[in-house]
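> Below is the structure, and that's it, no one-letter string:
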């Protein structure tokens, strides 16, 4: 057994390295990912070890990055595209939703699109405009795309490797404000399936669902609630498309209450889809409506105000209080 204490950032770096060692067709592409090692240093040292043909510093042109990746995927390569910041993905949105997501179906299965699109997402780092977006619902709404959102170093290390090995295109969301958080990672373990949710804290009173950066917030809320005698079950969704809701339904049938937490704006967010499905499937078990805690329906604010905008422990606990009052 080989266990290392890794940050999410370092786990991603080692996962990318292992994927490149295992398959010579894995090619990394992105802005400043080579010599600089990426703005978050996720690809640090990879160009030096694998060369400029496999770790490609691209122009500042996201549509060009994804267009090139489509051609590479058609020729048998496995491109891993880094979008430097979440808000920069939109110049490539046309390529992603009209080409990447559809070519497999358009070609009647003849052409596969094993492309991974890495996107640091969410707020919390005091950044300027276009650097703190939560665009997951756009991609989860697009048939043909899978959307993964990791929350911890273990899932980062294994998840990036599983995503690269997968035959379908995957939008791989990385919680940028959690890049430096640490955990022990067994690099010899057998990982669980990629598209599955996981109970990360057991509880009996309320089911709290989160993914990416909000998993830690949900766990902090569960700790605080325990001091008041309330038992929260926290589930890390891990993947927002496809949603693995069987563990959620099982939990809600026990607790009778459900709260979904995400940074993205509440209206038409992932929480809306989950609330609908939980209500459809667990209607007779619910003691209260499914509640949502998320960002406000405004553009992401200047960094001085972001702590007011982002869902925090208090807003989760307020939702718990509202749920328990029914």
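Right, received. Where do you want to start? The shown structure was predicted, so the numbers you read here are calculated from the model rather than taken from an experiment.
> what's the span of stretch 128-136, first residue to last?
20 Å (C-alpha to C-alpha, to the nearest Å).
> same thing with stretch 223-243?
Distance between the two ends of stretch 223-243: 26 Å, counting by C-alpha to C-alpha.
> do the same with stretch 32-44
Using C-alpha to C-alpha, the end-to-end distance of stretch 32-44 comes to 10 Å.
> Okay, buried residues for it please.
Across stretch 32-44, burial judged by 16 or more other C-beta atoms under 10 Å covers 33-34, 37-40, 42-43. C-betas here are computed from N, CA, C, even on glycine.
> Repeat that for stretch 160-172.
Per 16+ other C-beta under 10 Å, stretch 160-172 contains these buried residues: 160-164, 166, 169-172.
> mean confidence score for that stretch?
Across stretch 160-172, pLDDT averages out at 98.
> contacting residues around that stretch?
12, 15-16, 18-19, 22-23, 26, 78, 80, 96, 100-101, 104, 112-119, 136, 139, 144-148, 150, 159, 191, 194 (C-beta atoms under 8 Å, 6 or more residues apart in numbering).
> Buried ones from the residues you listed, can you make that a PyMOL selection?
The PyMOL selection below is limited to those of the contacts of stretch 160-172 classed as buried (16+ other C-beta under 10 Å):
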select buried, resi 12+15+16+18+19+26+78+80+96+100+101+104+112+113+114+115+116+117+118+119+136+139+144+145+146+147+148+150+159+194
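> from what I can see residue 312 touches residue 218, true?
No - between residue 312 and residue 218 there is no contact under C-beta atoms under 8 Å: 10.8 Å.
> Those two: which has the busier surroundings?
For residue 312 versus residue 218, neighbours defined as other C-beta atoms under 10 Å are more numerous around residue 218 (28 against 17).
> Now do the contacts for the more buried one.
Neighbour list for residue 218: 208-210, 232, 234, 261, 316 [criterion: C-beta under 8 Å, 6+ apart].
> Need the three-state assignment for it.
At residue 218 the chain is in helix, as set by DSSP: H, G, I helix; E, B strand; the rest coil.
> Break the chain into its domains for me.
Following automatic domain parsing, the chain resolves into domains at 3-186, 198-325.
> Can you list the residue ranges for helices in the stretch 1-150 of the chain?
With helices called from DSSP state H, counting those that start in this stretch, the stretch 1-150 of the chain shows them at 8-22, 46-50, 62-74, 93-95, 103-106, 136-140.
> Turn those helices into TSV, including mean pLDDT and distance to residue 240.
As requested, the helices of the stretch 1-150 of the chain are exported to TSV (pLDDT from 0 to 100; distance: least, C-beta to C-beta, whole Å):
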stretch	mean pLDDT	distance to residue 240
helix 8-22	98	18
helix 46-50	98	27
helix 62-74	98	20
helix 93-95	97	17
helix 103-106	97	20
helix 136-140	98	5
